[in-house]
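A.B. asks: could you look at this predicted model? Sequence included:
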Amino acid sequence: MAKRRIVLLPGDGIGPEIMASARAVLERLGEFEFEEHLVGGASIDRYGTPLTDQTLAACKRADAVLLAAVGGPKWDTTDPQAPRPEQGLLRLRRELGLFANLRPVRPLPALLDASPLKREVVEGCDLLVVRELTGGIYFGERGREGERAYDTCVYTVGEIERIARVAFRSARRRVTSIDKANVLETSRLWREVVERVGRQEFPHLELEHMLVDNAAMQLVANPRQFDVILAENMFGDILSDEAAMLTGSLGMLPSASLGEPGKPGLFEPVHGSAPDIAGQGIANPLAMLGSVVLMLRHGLAMADQAARLQSAIERALEEGLRTRDLGGSATTEEATRAVLAHL
Ligand SMILES: NC(=O)c1ccc[n+]([C@@H]2O[C@H](COP(=O)([O-])OP(=O)(O)OC[C@H]3O[C@@H](n4cnc5c(N)ncnc54)[C@H](O)[C@@H]3O)[C@@H](O)[C@H]2O)c1
Ligand SMILES: CC(C)[C@H](C(=O)O)[C@@H](O)C(=O)O
Ligand SMILES: [Mg+2]
């Protein structure tokens with residue numbers, strides 16, 4: 001079989017540190033063809049734009065794209081004309097048609113005491129956030145007029161139908177659809193469409209609607225009630241960082257962004273570039289390595305290698321591997337070596 005072609009986008013902050021970990025693990029797992037490109041702030045500094053057409057074209061040609069993180073205070077600006085690192089990521093998601101962002105939240109047995117929540121609250125929890133990724137307020141018209149600024153949230157029936165189907169297909173028993181239908185018109189359309197898709201196409205599955213503010217509370221009070229959480233773009237963004245703490249740290253949560261079958265997926269940790277710890281070599285690489293697991297499984301159809309890597313991560317944690325965010329002192333390199341030792 002031809003070597004799988006992976007585009008690596010290390011990005012900014014801790015991005016290059018955790019990408020080095022991903023690359024080391026991939027090199028141990030098989031033979032891949034890597035192509036590395038700048039994205040985000042690093043690309044602004046070099047080319048004046050957070051995503052060049054060349055990088056985008058390379059991503060479109062790839063079998064899968066692995067991204068670490070973009071952004072940081074260096075590029076934070078209130079100037080609406082200035083390029084921003086995050087625009088590069090949003091354009092990449094949009095241009096690759098990656099409308100489905102899957103964020104599995106499965107607290108590992110070795111880390112039950114690392115969560116700020118009580119062990120009995122997180123034990124046995126196994127949920128999936130299915131976040132709509134190419135619509136909503138992230139992509140609506142925005143602007144500033146004198147003393148006034150606005151962002152608009154738009155969803156179409158087609159956009160809601162396709163993400164709802166992903167959520168129902170991923171569910172074992174129940175989909176909890178998140179909205180703010182007591183206030184927002186987009187949420188009322190969301191609820192109506194999800195209800196219809198569920199009733200007509202997935203009648204064997206339970207469907208529940210939950211207002212987003214209640215969902216934020218339920219996630220820490222009783223997270224085991226959830227199977228699949230289906231959310232629009234911004235609600236899914238916020239709830240997934242919250243859900244990460246069930247696993248012990250934001251540094252543990254991986255994600256897969258998928259579009260139409262046959263098109264490359266984008267695999268990236270849920271967290272950002274962590275400017276507060278960048279350059280110190282202490283970032284937790286496990287969300288990045290978990291994203292490699294998802295890439296092997298969903299992006300490259302390499303289920304055996306995915307299972308090997310997942311089990312190596314779990315065994316390293318069982319043997320006591322803890323980076324600083326998990327209450328330990330292991331460096332990024334030590335964490336990588338601990339995982340490699342089990343591959
Ligand atoms: N996908 C992405 O590229 C992505 C995602 C989220 C945020 N961002 C960007 O990252 C920048 C920083 O954002 P932020 O500080 O709000 O969020 P962040 O996720 O970067 O960091 C939040 C907190 O979690 C910690 N943290 C995150 N990942 C960690 C890891 N792997 N190991 C240990 N600790 C970790 C950080 O040190 C920080 O204290 C912003 O520019 C933001 O836009 C990018
Ligand atoms: C960096 C930012 C644009 C991004 C998002 O909001 O989608 C991030 O927070 C994420 O969760 O991937
Ligand atoms: Mg986020």
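C.D. replies: Structure received. If you're wondering where the values come from, they're calculated on a predicted model, not measured in any experiment. Ligands and ions are numbered 1, 2, ... in the order given.

A.B. asks: and Ser273, which helix or strand is it part of?
C.D. replies: Using DSSP states H and E, Ser273 falls within no helix or strand.

A.B. asks: count of neighbours near the closest residue to it other than its chain neighbours?
C.D. replies: Using Cβ to Cβ, 6 or more residues apart in numbering and skipping the chain neighbours, the partner closest in space to Ser273 is Gly13 (2.7 Å). No exception for glycine: its C-beta is placed from N, CA and C like everyone else's. Residues lying near Gly13 (other Cβ atoms under 10 Å) number 29.

A.B. asks: helices of the stretch 201-343 of the chain, start to end?
C.D. replies: With DSSP state H, counting those that start in this stretch as the definition, the stretch 201-343 of the chain shows helices at residue ranges 212-221, 233-244, 286-294, 303-318, 332-340.

A.B. asks: I'd like to know how far Glu17 sits from ligand 1.
C.D. replies: Per Cβ to the nearest ligand atom, to the nearest Å, Glu17 is found 9 Å from ligand 1.

A.B. asks: got the phi/psi numbers for that residue?
C.D. replies: Dihedral pair for Glu17: phi -70, psi -40, per degrees, to the nearest 10.

A.B. asks: correct me, but Leu219 touches Asp241?
C.D. replies: No. The criterion here is Cβ atoms under 8 Å, and Leu219 misses it with Asp241 at 10.5 Å.

A.B. asks: what about those two, which has more around it?
C.D. replies: Using other Cβ under 10 Å as the criterion, Leu219 and Asp241 rank with Leu219 on top: 23 against 14.

A.B. asks: need the contact list for the closest residue in space to Glu206 that isn't next to it in sequence.
C.D. replies: Nearest residue to Glu206, sequence neighbours excluded (Cβ to Cβ, 6+ apart): Arg174, at 4.1 Å. By Cβ atoms under 8 Å, 6 or more residues apart in numbering, the contact list for Arg174 reads Leu205, Glu206, Leu207, Glu208, Phe226, Asp227, Val228.

A.B. asks: which ones among those residues lie within strands?
C.D. replies: Here DSSP state E is the test, and the contacts of Arg174 give Glu206, Leu207, Glu208, Val228 as lying in strands.

A.B. asks: relative to Pro261, how far out is Phe168?
C.D. replies: Going from Phe168 to Pro261 by Cβ to Cβ, to the nearest Å gives 17 Å.

A.B. asks: ok, those two, which is more surrounded?
C.D. replies: Phe168 (21 against 6).

A.B. asks: which non-adjacent residue is nearest that one?
C.D. replies: Once chain neighbours are set aside, the closest to Phe168 by Cβ to Cβ, 6+ apart is Phe202, at 4.1 Å.

A.B. asks: still on that earlier bit, show the buried residues in the contacts of Arg174.
C.D. replies: Buried members of the contacts of Arg174, scored by 16 or more other Cβ atoms under 10 Å, are Leu205, Leu207, Phe226, Asp227, Val228.

A.B. asks: relative to ligand 2, how far out is the second one?
C.D. replies: When Cβ to the nearest ligand atom is the yardstick, Leu207 and ligand 2 sit 25 Å from each other.

A.B. asks: got the buried residues for the helix or strand harbouring Glu120?
C.D. replies: Using DSSP H and E, Glu120 falls within helix 119-122. Neighbour counts over helix 119-122 (16+ other Cβ under 10 Å) mark Val121, Val122 as buried.

A.B. asks: then that helix to CSV, C-alphas only?
C.D. replies: This file holds the C-alpha atoms of helix 119-122, laid out as CSV (Å, rounded to 0.1, in the frame of the first residue of the first chain):
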residue,chain,number,x,y,z
ARG,A,119,-14.3,9.9,41.6
GLU,A,120,-17.9,8.6,42.0
VAL,A,121,-19.2,11.4,39.7
VAL,A,122,-16.7,10.7,36.8
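
A.B. asks: what sits up against the next helix or strand after that helix?
C.D. replies: Downstream of helix 119-122, the next assigned helix or strand under DSSP H and E is strand 127-132. Contacts with strand 127-132, where a contact means Cβ under 8 Å, 6+ apart, come from 99-106, 155, 159-160, 163, 166-167, 170, 223, 226-233, 236-237, 239-240, 243.

A.B. asks: how about 6 Å then?
C.D. replies: Strand 127-132 has contacts (Cβ atoms under 6 Å, 6 or more residues apart in numbering) with 101, 103-105, 163, 166-167, 170, 226, 228-233, 236, 240.

A.B. asks: nearest residue to the spatially most central residue of the chain other than its sequence neighbours?
C.D. replies: Compute the mean C-alpha point of the chain, and by Cα atoms, centre = their mean the closest residue is Ser255, 3.3 Å away. Leaving aside its sequence neighbours, Ser255 sits nearest to Arg103 (Cβ to Cβ, 6+ apart; 4.7 Å).

A.B. asks: who does that neighbour form a beta bridge with?
C.D. replies: With DSSP bridges applied, Arg103 shows beta-bridge pairing to Val129.

A.B. asks: burial count for it?
C.D. replies: Residues within reach of Arg103, counting by other Cβ under 10 Å, total 26.

A.B. asks: can you name the residue of the stretch 101-250 of the chain nearest ligand 1?
C.D. replies: Of all residues in the stretch 101-250 of the chain, Leu250 sits closest to ligand 1, at 4.6 Å by Cβ to the nearest ligand atom.
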